[in-house]
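> got a predicted structure plus its sequence, pasted below:
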Number of protein chains: 2
Amino acid sequence: MKKILGTSLLLIGMAAFGQSKEDSVQLKKISNEILNNGKGYTELRELTKTIGHRLSGSEAYEKSVKWAEQKLRDAGADKVWLQEVMIPVWERGKESLHIKTANGNWKSLKMLSLGNSEGTGGKDVSGEIIMVKSMEEYDKLPADKVKDKILFFNYPFSQSFIETFKGYGDAAKYRTTAASLTAKKGGKFAIIRSLSSAFDDVPHTGAMRYENNVSKIPAVAVGSTTADELEALLKNQKITAKLNSNCGMKGEKLSHSVIGEITGKKDQSVIVIGGHLDSWDVGEGAHDDGAGIVQSIEVLRTFKKLGIPNNHTIRVVCFATEENGVKGGIQYGKVAKEKNEKHLFAIESDAGGFAPRGIALDMDETKRKQIQGWSKLFLPYGVYNFEEQFSGTDLYPLHDMGVPAAELMPDSQRYFDIHHTEEDTFEKVNRRELLLGAAAMTQIIYMIDKNW
Amino acid sequence: MKKILGTSLLLIGMAAFGQSKEDSVQLKKISNEILNNGKGYTELRELTKTIGHRLSGSEAYEKSVKWAEQKLRDAGADKVWLQEVMIPVWERGKESLHIKTANGNWKSLKMLSLGNSEGTGGKDVSGEIIMVKSMEEYDKLPADKVKDKILFFNYPFSQSFIETFKGYGDAAKYRTTAASLTAKKGGKFAIIRSLSSAFDDVPHTGAMRYENNVSKIPAVAVGSTTADELEALLKNQKITAKLNSNCGMKGEKLSHSVIGEITGKKDQSVIVIGGHLDSWDVGEGAHDDGAGIVQSIEVLRTFKKLGIPNNHTIRVVCFATEENGVKGGIQYGKVAKEKNEKHLFAIESDAGGFAPRGIALDMDETKRKQIQGWSKLFLPYGVYNFEEQFSGTDLYPLHDMGVPAAELMPDSQRYFDIHHTEEDTFEKVNRRELLLGAAAMTQIIYMIDKNW
């Protein structure tokens, strides 16, 4: 028995080694192809420079739908189609924020209304600013101190986390809840310090939401240095703020996610790779999430170009309306359920086009362990972290249906300097970093397609 | 025996765990201090914006010596001093490169003379361009085909390596040897395609050297897109190139490395942390190597600020003249030998101020294995690679004397887009990435100081 076991283990070991070597060669081919011939960077330049930002509901978004259709065809998709999605239409319009200091002069502040916020209907709304540094401090404020005031939530982005997404998560509630919290105590509008890892005067927009049955008052963001200036001013004087904004929800509209696939050679079960096609209405949506879109298309192109025989259907989904409501992701999950499509695996890239460091895995332990068992193959590509357990926002509906889901984990240091700002432009994306992300996505899909 | 062994292992395990937990807490304190209160980014702004590039032998370099002295004192060094170094003085002066195409028109090309190259003495030198794509191709060219010609070495930077330093290493011989190779076959001067991972028109300078007893003809670099244009033009016409340049060696000069230290509490054996203070004469020397300088100073400041009791002397060395001749490093090694100073460990940061990914270890296997045994402590900081075996250029003299040497390994994807160019500016450095590099340096020094 001992001898047989010994031989078996040896054979398993040898098989595993042979397997691993073949995989290692294939992963290198994928990386070489993408670093030398990848089209993702050029396509990102097209998307960002000829279309630019592409808020859901905008004409630019509709242009990006046509663009993505064409790029999926160019990449060699067997089938390309649009998936209908009802999306909320939010518009910004003109907006301004001024403060009046003790000397009586008005001064304009750089600002952005938060996404989905209602505005002032083009009228001036003004009041005295009250600053709090934390939720706890706000909770202690009696309603009569807030009534008719402007609440300034000056919670700083924590620099202590190594993964900046944790700093973002830590501060996110200020963006999502400031308006409703302020309204409940009778305040007129809310100003938040931007969710920014940078020390500059760039305001960051991003989704907020209103609680039911609470008055829909405006919420706006200011950059870090403006927040610091306000804090300094408030130390020794009363400050009046005046907001005039036209933003607001303008109903719903029919729009589309864009889908392209190469049909499985062995079966029709589906592996999803995706990003979201929409962006906020500032900057160019380059890292968020043009990068994820062009990386996903690159995966499909690379399978075709290298003639990798995909056992299963490999499907690229360019999701509509992630930013204000995850509408494309929800609709995709709904349709998948209705059609009873079998999904093997889904991965999204929606954390910036930076050099990849890992792949987060949100699935049962057996599958996680299997993928973690491949991690040595990824180490030469700087991809070493398979320990995190989450997946792309657009994939939660699939994950809730039991589909193993994942997310590419790029280096996070620069993302929240530019996230949801006018600074999220093509120039901030590095070609090799972007393409290495596409390579890591292609490599993991190759392994999943072959082994599952 | 079994029971005793069991207990021993348990005790060892517990001790190891206790140790590791204490270290883990200390590493986090270091990271928190640097990410929240680090001065490296502000200091880098000062160095790059008020002094700028600082070529050895220039007035700016001498200013940077004074600046570094002051910063080391501010950081809390017990002793700060200058170490004399004789350095070669190379000056660029005015330079231009033109080509004449078949239509007879002259066109100016963006270019940089390579560092240490002789020029044309302010006279026009012209000839027909002959292009080769590789060394092998050049070797096959008979001397009569090269005589009186301009040799254009158009070897592309390989995109296939994941670590771009390997692509740089692969192409480096074109920069260092092109002039002498061309001279040996009677050519007039050499043009090289820049050692650049980017596809732009930014020329990269960097050190070249002349072989003994070979005529010192000029060598210049052009950017990738100019190289591509030249290649396209040469397909169907003869091209004349005309160089006029004033660069050249202007003898030697006395200058200084800057050194500061905190004296060891237990003994006077020395741990060196360093970077090089000089830069090329284009851009601002921000990543190369202002980053390494401010990170090294940050290590010292962090030890003082947190009151970490250093057993050994922790010494920051801002090396003179790494770029053209490693003169500061060589001199430092020489003086250390003369004084019979015991050096425990030396680490340099000279690969850019990007997010750290590893620490290369050039030392005996016992010490390597010990440090690799600490690697789990570094994983939360994204520092996972302790497998590479090299150390900083300025540390080779120490390493040759048997000192365990190391180098910080930042992410390398962006470095060779900007290395030795006008693009190596402060704006290309991200605050958190730079500071995380300083944190990794401080963390490894903490572990070494405590355990060696």
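In hand now; what should we look at? Numbering: from 1, shown residues only, chains lettered A, B, ... in the order given.
> so residue A:309 makes contact with residue A:263?
No. The criterion here is C-beta atoms under 8 Å, and residue A:309 misses it with residue A:263 at 11.7 Å. Quick note: C-beta positions are derived from backbone N, CA and C, even for glycine.
> more crowded one of these two?
Neighbours per residue (other C-beta atoms under 10 Å in any protein chain shown) separate residue A:309 from residue A:263, with residue A:263 holding more: 14 against 11.
> pull the contacting residues for that one.
The contact partners of residue A:263, by C-beta atoms under 8 Å, 6 or more residues apart in numbering or on different chains, come to A:78, A:79, A:313.
> quick one: pLDDT of it?
On pLDDT, residue A:263 comes in at 98.
> distance of it relative to chain B?
Applying C-beta to the nearest C-beta, to the nearest Å, the value for residue A:263 to chain B is 31 Å.
> which residues does the residue of the stretch 151-300 of chain A found nearest chain B contact?
Proximity of the stretch 151-300 of chain A to chain B (C-beta to the nearest C-beta) peaks at residue A:159, 4.5 Å away. Residue A:159 makes contacts with A:167, A:197, B:35, B:36, B:432, as judged by C-beta under 8 Å, 6+ apart.
> of the residues you listed, just the buried ones, ChimeraX syntax please.
ChimeraX command restricting the contacts of residue A:159 to the buried ones, with burial defined by 16 or more other C-beta atoms under 10 Å in any protein chain shown:
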select /A:167,197 /B:35,432
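> among the contacts of residue A:159, which ones are in helices?
With helices taken from DSSP state H, the overlap with the contacts of residue A:159 comprises A:167, B:35, B:36, B:432.
> next to chain B, which bits of chain A? Give me the list.
A:31-32, A:35-36, A:159-160, A:162, A:164, A:197-199, A:355, A:357, A:380-382, A:384-385, A:411, A:413-414, A:417, A:430-433, A:436 (C-beta under 8 Å from any C-beta of the partner chain).
> ChimeraX command for the buried members of the residues you listed?
This is how ChimeraX selects the buried members of these, with burial counted by 16+ other C-beta under 10 Å:
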select /A:31,32,35,159,162,164,197,198,355,357,381,382,384,385,411,413,414,417,430,431,432,433,436
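> rewinding a little: out of the contacts of residue A:263, which end up buried?
By 16+ other C-beta under 10 Å, the contacts of residue A:263 give residue A:313 as buried.
> so which of the contacts of residue A:263 sit within helices?
Reading helices off the contacts of residue A:263, I find no matches (DSSP H).
> so which of the contacts of residue A:263 sit within strands?
Among those, the ones falling in strands (DSSP state E) are A:79, A:313.
> look at the closest residue to residue A:188 other than its chain neighbours and tell me its secondary structure.
Here the nearest residue to residue A:188 in space, its sequence neighbours aside, is residue A:127; by C-beta to C-beta, 6 or more residues apart in numbering or on different chains that works out to 4.7 Å. At residue A:127 the chain is in strand, as set by DSSP: H, G, I helix; E, B strand; the rest coil.
> run a quick neighbour tally on residue A:127.
17.
> what pLDDT does it get?
98.
> beta-bridge partners for it, please?
residue A:241 (DSSP bridges).
> show me the contacts for it.
Applying C-beta under 8 Å, 6+ apart, we find residue A:127 in contact with A:148, A:149, A:150, A:187, A:188, A:189, A:240, A:241.
> what are the phi and psi angles of the fourth one?
The phi and psi values for residue A:187, taken as degrees, to the nearest 10, are phi -70, psi 160.
> what about it, how many residues nearby?
24.
> my guess is residue A:275 contacts residue A:296, does it?
Yes. Residue A:275 is within contact range of residue A:296, at 5.2 Å (criterion: C-beta under 8 Å).
> tell me the SS of the closest residue to residue A:425 other than its chain neighbours?
Spatial nearest neighbour of residue A:425, excluding adjacent residues (C-beta to C-beta, 6+ apart): residue A:284 at 4.7 Å. Recorded secondary structure, residue A:284: coil (three-state DSSP).
> surely residue A:284 and residue A:290 touch.
Yes. Counting by C-beta under 8 Å, residue A:284 touches residue A:290, with 7.1 Å between them.
> which one's more surrounded, these two?
Shown here are residue A:284 and residue A:290; by other C-beta under 10 Å, residue A:290 has more neighbours (33 against 25).
> residues contacting residue A:264?
Here residue A:264 is in contact with A:270, A:310, A:311, A:312, A:313, A:314 (C-beta under 8 Å, 6+ apart).
> residues contacting the residue of the stretch 1-150 of chain A found nearest chain B?
In the stretch 1-150 of chain A, the residue that lies nearest chain B is residue A:35 (4.5 Å; C-beta to the nearest C-beta). Residues in contact with residue A:35, defined by C-beta under 8 Å, 6+ apart, are A:432, A:435, A:436, A:439, B:159, B:160.
> same deal with residue A:311?
Applying C-beta under 8 Å, 6+ apart, the residues near residue A:311 are A:264, A:265, A:266, A:267, A:449, A:450.
> farthest-apart pair in these, please.
Pairwise distances across the contacts of residue A:311 (C-beta to C-beta) peak at 13.4 Å, for the pair A:267 and A:450.
> who has more neighbours, these two?
residue A:450 (16 against 12).
> for the more buried one, identify the helix or strand it belongs to.
helix A:431-451 (DSSP states H and E).
> report the buried residues of that helix.
Within helix A:431-451, judged by 16+ other C-beta under 10 Å, the buried ones are A:431-450.
> do stretch A:198-209 as well
Buried, per 16+ other C-beta under 10 Å, within stretch A:198-209: A:198, A:201, A:202, A:203, A:204, A:205, A:206, A:207, A:208.
> got the residue ranges for the helices in chain A?
Going by DSSP H, chain A shows helices at A:2-37, A:40-46, A:59-75, A:135-140, A:143-146, A:164-184, A:224-234, A:291-306, A:327-338, A:365-372, A:375-378, A:396-400, A:415-418, A:431-451.
> return the most buried member of those helices.
Neighbour counts (mean count of other C-beta atoms under 10 Å in any protein chain shown) averaged over each of the helices of chain A peak at helix A:291-306, with a mean of 27.
> pLDDT on that one, on average?
98.
> middle-most residue in chain A, spatially?
Closest to where the C-alpha atoms of chain A average out (C-alpha atoms, centre = their mean) is residue A:350, at 3.9 Å.
> right, and it touches residue A:290 too?
No. With contact defined as C-beta under 8 Å, residue A:350 does not count as touching residue A:290 (10.7 Å).
> could you find the closest non-adjacent residue to residue A:316?
Using C-beta to C-beta, 6+ apart, the closest residue to residue A:316 is residue A:296 (4.6 Å).
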